[in-house]
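Colleague: Here's a sequence, model it:
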Amino acid sequence: MDECHSTATPVDTKANLSASDSAPITDPTEYRSLASALQYLTLTRPDLAYTIQQVCLYMHDLREPHLHMIKSILQYIKRSLDYGLHLSATSTLTSLIAYSDADWASYTDSRRSTFGYCVYLGDNLVS
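Modeller: The predicted structure follows:
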């Protein structure tokens, strides 16, 4: 897929995948290999976590639309190579800094809260 066109989003947001859309793929080896490799990419590309999780839901019974979804993810990755968490080798790995923020009971209907955090080890975002 080196010569493929890139896309602005990883998947078609209007498409709904199903386990019985079309005929099964006869040889799922390539699909499973790509899906497994993409799972490792989510460590530094959290923007792809949901999309790749959706792809992995159908590993037991693969169909053509599932293969097209993987190809569209690869096209998106081609366009967004500079995205993600960048890890660098630094000598300041002795500092551990954490930031957090919370908005307690901000949703008036449910009284639910939102919370977020990030943890840096040196200059690298680790969580």
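
Colleague: drop to CA atoms for contacts and neighbour counts, all remaining ones
Modeller: OK.

Colleague: Which strands border the lowest-mean-pLDDT helix or strand in the chain, and is each parallel or antiparallel?
Modeller: Every helix and strand of the chain was ranked by mean pLDDT, DSSP states H and E. The lowest is strand 124-125, at a mean of 79. With DSSP bridges as the test, strand 124-125 is paired with strand 114-121 (antiparallel).

Colleague: who touches the strand it pairs with?
Modeller: Residues external to strand 114-121 that are found in contact with it (Cα atoms under 8 Å, 6 or more residues apart in numbering): 93-106, 125-127.

Colleague: Now list the buried members of those residues.
Modeller: Burial by neighbour count, 16 or more other Cα atoms under 10 Å: within those this picks out L125.

Colleague: Show me this protein divided up by domain.
Modeller: 1-84, 96-125 (automatic domain parsing).

Colleague: where in the chain is pLDDT low?
Modeller: 1-19, 87-88, 90-93, 106-109 (pLDDT under 70).

Colleague: Which residues in the top helix by length along the chain does the neighbour count mark as buried?
Modeller: Looking across the chain with DSSP state H, the single longest helix is helix 64-79. The neighbour-count check on helix 64-79 (16+ other Cα under 10 Å) flags 65-67, 69-78 as buried.

Colleague: Count residues in the vicinity of N124, would you?
Modeller: For N124, the count of nearby residues is 17 (other Cα atoms under 10 Å).

Colleague: For the residue nearest the centre of the chain, what are phi and psi?
Modeller: For the chain, the residue nearest the mean C-alpha position is L48 (1.8 Å; Cα atoms, centre = their mean). Here is the backbone geometry of L48 (degrees, to the nearest 10): phi -100, psi 0.

Colleague: Excluding chain neighbours, what is closest to it?
Modeller: Nearest residue to L48 in three dimensions, chain neighbours excluded: T42, at 6.1 Å (Cα to Cα, 6 or more residues apart in numbering).

Colleague: contacting residues around the one you found?
Modeller: By Cα under 8 Å, 6+ apart, the contact set of T42 is L48, A49, I52.

Colleague: Thank you kindly, that will do.
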